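> This is a predicted model, with the sequence first.
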Number of protein chains: 2
Amino acid sequence: MRRSERLIGLTKHLLDRPNQAVSLSGVQGLLNAAKSSLSEDVAFIRQALEGLEQGTIQTISGAAGGVRYIPRLSASERTAFAADMVSRLEDSSRMLAGGFIYMSDILGDPMVIDNVGRLFAEAYSDSHVNVVVTVETKGIPLAVATAHYLNCPLAIVRREHRVTDGSVVSVHYVSGSNRRIQSMSISKRAMPDFARALVVDDFMKAGATCKAVVHLLAEFQATVVGTAVFAATTEPKEKLVADYKALFEVSDLEEGKVPIVLPVMQSDAVLQDKGEMRANP
Amino acid sequence: MRRSERLIGLTKHLLDRPNQAVSLSGVQGLLNAAKSSLSEDVAFIRQALEGLEQGTIQTISGAAGGVRYIPRLSASERTAFAADMVSRLEDSSRMLAGGFIYMSDILGDPMVIDNVGRLFAEAYSDSHVNVVVTVETKGIPLAVATAHYLNCPLAIVRREHRVTDGSVVSVHYVSGSNRRIQSMSISKRAMPDFARALVVDDFMKAGATCKAVVHLLAEFQATVVGTAVFAATTEPKEKLVADYKALFEVSDLEEGKVPIVLPVMQSDAVLQDKGEMRANP
């Protein structure tokens, strides 16, 4: 195999496995190359990715060592994504009765799903997340992409559980939007004990749903490392969960009006990260 | 930029955009290269991917021309995936009351989600799908990955619609498992008219849910090009939808027994494709 072909093959192998430790011995057979050549190739791929602001390759030393692709969006990709989202969201036809904003079309766009997954994974890449948790339904696609880029399993909290969920753990909570008592459940077998969980959702108003998820995860002795949402409302300023990150902040949510959408994702410094919180609140 | 760096950058640019027409003029600036060099690079990448059975690069001629990455799993990746799934599914502890099989943990595994998305996208790569439709909840992750690899939007059918879905279209149907009348809805704005839809779900027994989705999509004058499910039961042999593809066939679903799991995904010839069907059944 020629060197350039090997570089392409190794690049694909790594990109297909974001945040996953890849052993170079494991790919030797696949690419028919000596480990020393592969190490050189890795250095090249790292340099190329970093030069294009497209992430990097980390080297993990030790017995379980290897290399790992860390995805990242370039500054221009971030800016373009933010501008696209603002122009699509700032549209009076999206406003629904009760101050809700219609986003299902945007949350079904594969480019949006992928970019949000990359941004969330990047924001929590150092948090040692080992499970991504979301509440059905609209946040699931974003959680799938986040779990892909963080290389960890996805667990879905359900409003109504079914026979196919097996044994479940449930909690009751008071919904933020209509003040009614609701319940949510998670399949026991899908949720590891003592996990480090990242909660992902599409939208946060007061944060009652996310707070309920934190309570639910406390039943599994989980540490919630944070909550990542696509959009959060400006009001109320104080949410029921302290440590959330939003990509967009929305305000002026009234039927017939044009909502105001502020991207708060340009740099990590702007994200409202308030540190880590124990699941047991 | 050195040639090898450019190759890595272009490989990443294409892999990040499966089934999407990428204009070489568009990436000239990004990679700082002449179009002729990029064309040579594309030929190289195509050769490398094909040599590793990792898909190909198609050239699209004409004014809107460009190149497009078509993903594919290699034969050895398929075999390894099938073996892994069989060994995880053939486990008596997965069997639940009523002949249901527990799969939520497997359907939350990012490697499984990604592989299923690739396999479904590959099976329908020539069907000109422009929307992937799924029913909440457990099929959503598979549908997200399929929509990613087919580069088309995802629309989610809901059992109970909410204010944030905006205007919806609903149908009633008789559920296959408990013979009760149920309803399902889809947001009008998330579903294009006259679409070519691929229905994705995790599990098919009789096919009542998928048949109801076909009815629902008929309201949008959609053509359903097929239904792709992760697992289908061997019995009943005749499903309520004619044109489905399953990756695995399961039988002997009884509490306390070990289910029998047959991979039916090794080659396209084995998949039960019965052609295309109009949404209006």
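Received, thanks.
> Buried residues of the helix or strand that residue A:227 is a member of, list them for me.
Using DSSP states H and E, residue A:227 falls within strand A:223-233. For strand A:223-233, burial by neighbour count (16 or more other C-beta atoms under 10 Å in any protein chain shown) applies to A:223, A:224, A:225, A:226, A:227, A:228, A:229, A:230, A:231, A:232, A:233. Backbone N, C-alpha and C define where each C-beta goes, glycine included.
> Quick check: neighbours of it in the sheet, parallel or antiparallel?
The strands that strand A:223-233 pairs with in its sheet are strand A:196-204 (parallel), strand A:244-251 (parallel), strand A:277-278 (antiparallel) (by DSSP bridges).
> For chain A, which segments are assigned as helices?
A:3-15, A:24-31, A:35-51, A:75-89, A:110-123, A:140-150, A:208-218 (DSSP state H).
> Please look at residue A:231 and residue A:249 and confirm they touch.
Yes. The criterion here is C-beta atoms under 8 Å, and residue A:231 meets it with residue A:249 at 7.3 Å.
> okay, the closest residue to residue A:134 other than its chain neighbours: pLDDT?
Closest residue to residue A:134 apart from its sequence neighbours, by C-beta to C-beta, 6 or more residues apart in numbering or on different chains: residue A:143 at 3.6 Å. The model reports residue A:143 with a pLDDT of 98.
> Kindly report the same for residue A:193.
pLDDT, residue A:193: 84.
> coming back round to it: what is in contact with residue A:231 and residue A:249 at once?
residue A:261 (C-beta atoms under 8 Å, 6 or more residues apart in numbering or on different chains).
> Any residues of the stretch 101-250 of chain A in contact with chain B? List them.
A:101-105, A:108-110, A:113-114, A:136-138, A:140-141, A:144-145, A:147-148, A:151-156, A:158, A:163-166, A:187, A:189-190, A:203 (C-beta under 8 Å from any C-beta of the partner chain).
> Give me the buried subset of those.
A:101-105, A:108-110, A:113-114, A:136-138, A:140-141, A:144-145, A:147-148, A:151-156, A:158, A:164-166, A:187, A:189-190, A:203.
> Nearest the middle, which residue of chain A would you pick?
residue A:146 (3.3 Å; C-alpha atoms, centre = their mean).
> close enough to count as contact, the residue nearest to residue A:134 and residue A:202?
No. The pair residue A:143 / residue A:202 is not scored as a contact, 9.3 Å apart, by C-beta under 8 Å.
> These two: who's more crowded?
With neighbours defined as other C-beta atoms under 10 Å in any protein chain shown, residue A:143 and residue A:202 compare such that residue A:143 has more, 31 against 22.
> List the contacts of the more buried one.
Residue A:143 sits in contact with A:132, A:133, A:134, A:154, A:156, A:200, A:201, where contact means C-beta under 8 Å, 6+ apart.
> on that earlier part again, quick check, pLDDT for the closest residue to the residue nearest to the centre of chain A other than its chain neighbours.
Excluding the flanking residues, the one nearest residue A:146 by C-beta to C-beta, 6+ apart is residue A:120, at 4.3 Å. We have a pLDDT of 97 for residue A:120.
> try residue A:179
So residue A:179 comes in at 80 (pLDDT).
> same thing with the one 3 residues further on?
Reading off the per-residue confidence, residue A:182 sits at a pLDDT of 92.
> Hmm, it is touching residue A:171, no?
No. In this structure, residue A:182 is not within contact of residue A:171 by C-beta under 8 Å, at 9.7 Å.
> More neighbours: which of those two?
residue A:171 (18 against 15).
> Could you give the bridge partners of that one?
Beta-bridge partners, per DSSP bridges, of residue A:171: residue A:184.
> Pull the contacting residues for residue A:10.
A:27, A:31, A:38, A:41, A:42, A:45.
> repeat for residue A:3
Here residue A:3 is in contact with A:37, A:41, B:4 (C-beta under 8 Å, 6+ apart).
> out of the residues you listed, who's nearest residue B:213?
Distance to residue B:213, by C-beta to C-beta, is smallest for residue A:41 among the contacts of residue A:3, at 46.1 Å.
> correct me, but that closest one touches residue A:6?
Yes. Residue A:41 is within contact range of residue A:6, at 6.2 Å (criterion: C-beta under 8 Å).
> Can you report how many residues lie near the closest residue in space to residue A:39 that isn't next to it in sequence?
The shortest distance from residue A:39 to any non-neighbouring residue, by C-beta to C-beta, 6+ apart, is to residue A:24 (6.7 Å). For residue A:24, the count of nearby residues is 21 (other C-beta under 10 Å).
> do the one 3 residues further on as well
Neighbours of residue A:27 under the rule other C-beta under 10 Å: 21.
> Now do the same for it: its pLDDT.
92.
> Distance-wise, check it relative to residue B:10.
Look at residue A:27 and residue B:10: by C-beta to C-beta, to the nearest Å, they are 21 Å apart.
> returning to that earlier point: which residues are in contact with the residue nearest to the centre of chain A?
Residue A:146 sits in contact with A:116, A:117, A:120, A:121, A:132, A:198, A:200, A:228, where contact means C-beta under 8 Å, 6+ apart.
> Once you drop chain neighbours, what's closest to the last one?
By the measure of C-beta to C-beta, 6+ apart, the closest residue to residue A:228 outside its immediate chain neighbours is residue A:120, 4.4 Å from it.
> hang on, isn't residue A:38 packed against residue A:29?
No. Residue A:38 lies out of contact with residue A:29 (C-beta under 8 Å); the separation is 11.2 Å.
> Those two - which one has more neighbours?
residue A:38 (18 against 8).
> Look at the residue lying closest to that one once chain neighbours are set aside and report its pLDDT.
Among residues not flanking residue A:38 along the chain, residue A:24 sits closest, at 4.7 Å (C-beta to C-beta, 6+ apart). According to the predicted model, the pLDDT of residue A:24 comes to 92.
> Distance of residue A:24 relative to chain B?
To chain B, residue A:24 is 16 Å away according to C-beta to the nearest C-beta, to the nearest Å.
> what's near enough to touch the residue nearest to residue A:187 when sequence neighbours are not counted?
Spatial nearest neighbour of residue A:187, excluding adjacent residues (C-beta to C-beta, 6+ apart): residue A:165 at 4.4 Å. Going by C-beta under 8 Å, 6+ apart, residue A:165 touches A:158, A:185, A:187, B:102, B:104.
> again with residue A:185
A:157, A:158, A:160, A:161, A:165, A:168, A:169, A:170, A:216.
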